[in-house]
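1. Sequence isn't available, so here's the structure alone:
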Ligand SMILES: N[C@@H](CCC[C@H](N)C(=O)O)C(=O)O
């Protein structure tokens, strides 16, 4: 065992995040450790953001992302904001370049404390998302759930923000849908060979929307940053909104997404520290720092 590692329990507008400091060590946070941490109410989380030493020149750190079921993820917008806030508090630095499974991304903490993450360019090709079969136009794919002649959710847009997203458009309040029941079925539908994050979206104006997400590998969450990005890109692509949109999320938090003319998607919002501790990255056994908030 390489010894315990420091962590911070944080959240990105309610998306439950553990930022694990794995710098200077060769081991990784194991799936077993993730599952154990998620099984304890005090450390229950949606994603672990493990900060590792840089692998690529020009980047500050490599960020390994784990879902609460122990699986890996390519992108996590809300978690990246937590990483930025933690590193900015430690170093005083305001801008960072990171590497993730999805590639290299830049992020910045603003003077008001909000944080913007450049989530890169969306991809729409069916092999890129990926989908199991060819769809020439992923603005609307054939997929539905519920009775065949009166589907509850149908015809989603599909988008990759580094990770796979299906966006279902609804007219009614997003809370009136049983996402806890349909989410697992859609996440694991054979059309998504790598599973998918499932989001329902109510567009409320050309600049606003309300979203609820069932996350791949984590279930219902209070917010999902990459889903917010995917929703805005898909909405703009289908002419439901413009390219600059404010989103309300189930935790009551607000995110802003801008799909810039250079094709990059910028996610902006808050991050919050809750408490700190140390943990064993191989087992998930952990202890709270004595001076840390309750
Ligand atoms: N909460 C995240 C998304 C996390 C990754 C996702 N569950 C996946 O497996 O792709 C966010 O804020 O983007």
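-> Happy to help now that I have it. Quick caveat, the model's predicted, so the values are computed rather than measured.

2. ok, which stretches of the stretch 151-294 of the chain are helices?
-> Using DSSP state H, counting those that start in this stretch, the helices found in the stretch 151-294 of the chain span residues 179-187, 225-237.

3. contacting residues for the closest residue to residue 113 other than its chain neighbours?
-> Excluding its sequence neighbours, the residue lying closest to residue 113 (C-beta to C-beta, 6 or more residues apart in numbering) is residue 270, at 6.9 Å. (Each C-beta comes from the backbone N, C-alpha and C, glycine too.) Residue 270 is in contact with 12-13, 81, 113-115, 253, counting by C-beta atoms under 8 Å, 6 or more residues apart in numbering.

4. Select from those the one having the most neighbours.
-> Scoring the contacts of residue 270 on neighbours with other C-beta atoms under 10 Å, the highest-scoring entry is residue 12 at 35 neighbours.

5. partner residues bridging that one?
-> residue 15 (DSSP bridges).

6. pretty sure it is in contact with residue 224, am I right?
-> No: counting by C-beta atoms under 8 Å, residue 12 does not reach residue 224; the two are 9.3 Å apart.

7. so what sits against both of the two?
-> Common neighbours of residue 12 and residue 224 (C-beta under 8 Å, 6+ apart) are 77-78.

8. Can you tell me the SS state at the residue of the chain positioned farthest from its centre?
-> Seen from the C-alpha centroid of the chain, the residue lying at the greatest distance (C-alpha atoms, centre = their mean) is residue 149, 33.2 Å away. Look at residue 149: counting by DSSP: H, G, I helix; E, B strand; the rest coil, its state is coil.

9. And the pLDDT at it?
-> Looking at residue 149, its pLDDT is 93.

10. Then residue 251?
-> 85.

11. quick one: it and residue 12 touch, right?
-> No: between residue 251 and residue 12 there is no contact under C-beta under 8 Å: 9.3 Å.

12. so of the contacts of residue 270, which ones are in strands?
-> 12, 115 (DSSP state E).

13. closest to residue 171 among the contacts of residue 270?
-> For the contacts of residue 270, the residue nearest residue 171 by C-beta to C-beta is residue 253; the value is 23.4 Å.

14. Not counting sequence-adjacent ones, nearest residue to that closest one?
-> residue 13 (2.7 Å).

15. Likewise for residue 234?
-> Using C-beta to C-beta, 6+ apart, the nearest residue to residue 234 is residue 157, at 3.7 Å.

16. Report the beta-bridge partners for that neighbour.
-> Applying DSSP bridges to residue 157, the residues it is bridged with are residue 167.

17. Tell me the predicted confidence for it.
-> pLDDT recorded at residue 157 is 98.

18. quick one: it and residue 139 touch, right?
-> Yes: counting by C-beta under 8 Å, residue 157 does reach residue 139; the two are 5.4 Å apart.

19. Kindly report the residues of the stretch 101-250 of the chain close to the ligand.
-> 163, 197, 215-218, 224-226 (C-beta under 6 Å from any ligand atom).

20. Ranking by neighbours, what's the top pick from the residues you listed?
-> Neighbour-wise, those (other C-beta under 10 Å) top out at residue 224, 35 neighbours.

21. Now for the residue nearest to it when sequence neighbours are not counted: which residues touch it?
-> Sequence neighbours aside, residue 213 is the residue nearest to residue 224 in space, at 4.0 Å (criterion: C-beta to C-beta, 6+ apart). Residues in contact with residue 213 (C-beta under 8 Å, 6+ apart) are 197-199, 220-221, 223-224, 227, 250.

22. let's see 10 Å
-> Contact analysis of residue 213 by C-beta atoms under 10 Å, 6 or more residues apart in numbering lists 15, 165, 167, 174, 179, 183, 197-201, 219-228, 230-231, 249-250.
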